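# Just need the structure, nothing else, for what follows:
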Amino acid sequence: MVKIALQIKATLENIVSVRTHTDYNYFLKIKCTNCSEESDKWHDVNEKETFPSKTAKSDVNFLVKCKLCSRENSLDIIPKSTGEYTSDDQGKFKTIVVFDCRGIEPTAFSPRDGWIAVAEESGKVFEDVDLTEKEWVDYDDKTNQSVGIYELESQFVKQK
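Numbering: from 1, shown residues only. Next up, the predicted model:
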C-alpha cells in the first residue's frame with residue numbers, strides 16, 4: 001500500500017479558501033504499477049462509494065482490473081485526509097486529499113465541478129464551483145468585488 005497525496009496550487013482573487021464537497025468525485029487517470037499500463041480514460045473516485053475487494057481486507061472506493069495483466073487493483077480515499085486550499089497557501093502546492101493505492105497510482109487529475117469557494121471579505125460561500133477550465137470567476141455582490149481562482153495546477157506526491 002502506497003499513500004499518494006493530491007496537491008493543488010492556485011492564485012486566489014478575493015477568496016479565502018477552496019475545498020471540495022464531501023461527496024466530490026475525483027476524476028483520475030491511473031497506471032498499473034505491476035505492468036505500467038496507463039488508462040486513457042478518466043475514472044471517478046468518491047469517498048462515499050465503496051466496492052468489495054478480493055485483495056484488500058475491506059471495501060474500497062475504487063476497484064479496477066488491469067486490461068493488460070488482469071491484476072485487481074484498488075484505491076481508497078483516506079478518511080479525514082481532505083483539506084482546503086487557503087489564501088495563505090498561494091504560490092505553493094498543498095495537499096487536498098490522500099489516496100491509499102494498491103497496485104495502481106494516479107497520473108493525472110481533472111478538477112471539474114463540485115468545489116466550494118469562500119469570499120475573503122464577506123464570507124459569501126460559492127457552491128458547486130466548476131474548475132474544469134482550471135480557473136473560475138464570479139462576483140461577490142455583498143462587497144461589489146470580483147472573485148476568482150486562476151492558474152490551477154495539480155501534482156501527486158508519494159507520502160511515507
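# Check this protein and tell me which residue is nearest its centre.
residue 26 (4.8 Å; Cα atoms, centre = their mean).
# does the closest residue in space to it that isn't next to it in sequence count as helix, strand or coil?
Using Cβ to Cβ, 6 or more residues apart in numbering and skipping residues adjacent in sequence, the residue nearest residue 26 is residue 45, 4.7 Å away. Every residue, glycine included, has its C-beta placed from N, CA and C. Three-state assignment for residue 45 (DSSP: H, G, I helix; E, B strand; the rest coil): strand.
# which residues touch residue 45?
When the contact criterion is Cβ atoms under 8 Å, 6 or more residues apart in numbering, the partners of residue 45 are 25, 26, 27, 28, 61, 62, 75, 77, 99.
# repeat for residue 63
Residue 63 touches 51, 52, 53, 72, 73, 74, counting by Cβ under 8 Å, 6+ apart.
# Please tell me how far the nearest residue to the third one once chain neighbours are set aside sits from residue 77.
Ranked by Cβ to Cβ, 6+ apart and with sequence neighbours excluded, the top spatial neighbour of residue 53 is residue 60, at 4.8 Å. Distance, residue 60 to residue 77, using Cβ to Cβ, to the nearest Å: 9 Å.
# One more: residue 23?
11 Å.
# before we move on, the earlier item: what pLDDT does the model give the residue nearest to the centre of the chain?
We have a pLDDT of 98 for residue 26.
# again, but for the one 4 residues further on
At residue 30 the predicted local distance difference test score is 97.
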